[in-house]
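Engineer: Quick one: sequence plus predicted model below, questions after.
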Amino acid sequence: MNNNDSDPRFGFGFGLSFGIGWIFIIIVVLLMAGCPRYTVWSQGMSGKAELRRANWNKQVQVQEAKGKKDAAILLADAEVNRAKGVAKANKIIGNSLNNNEAYLRYLWIDNLQNEHNQVIYVPTEANLPILEANRLNQNRRLHASINAQGK
């Protein structure tokens, strides 16, 4: 019996392959119908993710701005307090130096000992300083010539 129609294996195999073919066609049709919907859903999810990311970035920028504002306020307060301290110290120093010529003279003399190459102008009877511009120019020329010879 070589008749394939009467062979039960042939009919079952044909029916199985025919059923698998229909299942495959149905899956393809469902995929084709679902693909646009999936694309729309995927884009919607992507849009929601971008919106959340933008909101998060906005919140971060707002918090950074608030931090900068708070820092600026605190720095301004610190600067005001420092200025108040300097003003108070100046007032104390000014009050202590008021009518205290001896201490001021002492500070002036002490400063003269610490400074080198300082020119002091002493007023004359008419309260005009004695200018020694020529002496300074001669000293500069002398140092310049010594430096030129040393090189």
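Structural biologist: Perfect, I can see it now.

Engineer: Can you point out the helix or strand that includes Ala126?
Structural biologist: Of the helices and strands defined by DSSP states H and E, none includes Ala126.

Engineer: With Lys84 instead?
Structural biologist: Per DSSP H and E: helix 8-97 holds Lys84.

Engineer: in this protein, which segments are predicted with low confidence?
Structural biologist: Low-confidence segments of the chain (pLDDT under 70): 1-18, 118-123, 127-143, 150-151.

Engineer: Tell me which residue is most central in it.
Structural biologist: In the chain, the centroid-proximal residue (C-alpha atoms, centre = their mean) is Lys68; its distance is 10.3 Å.

Engineer: still on that earlier bit, list the helices and strands the helix holding Lys84 packs on?
Structural biologist: Contact here means 3 or more C-beta pairs under 8 Å, 6 or more residues apart in numbering; DSSP states H and E; on that basis helix 8-97 packs against helix 101-114. The way it works is simple: take the backbone N, C-alpha and C, and place the C-beta from them, glycine included.

Engineer: CA-only coordinates of the helix it packs on in CSV, if you can.
Structural biologist: Extracted in CSV, the C-alpha atoms of helix 101-114 (Å, rounded to 0.1, in the frame of the first residue of the first chain):
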residue,chain,number,x,y,z
GLU,A,101,50.5,112.6,71.1
ALA,A,102,53.2,110.7,72.9
TYR,A,103,51.9,107.3,71.7
LEU,A,104,51.5,108.6,68.2
ARG,A,105,55.1,109.9,68.3
TYR,A,106,56.3,106.5,69.6
LEU,A,107,54.5,104.7,66.7
TRP,A,108,56.0,107.1,64.2
ILE,A,109,59.6,106.6,65.5
ASP,A,110,59.1,102.8,65.8
ASN,A,111,58.0,102.8,62.1
LEU,A,112,61.0,104.8,61.1
GLN,A,113,63.3,102.2,62.5
ASN,A,114,61.6,99.4,60.5
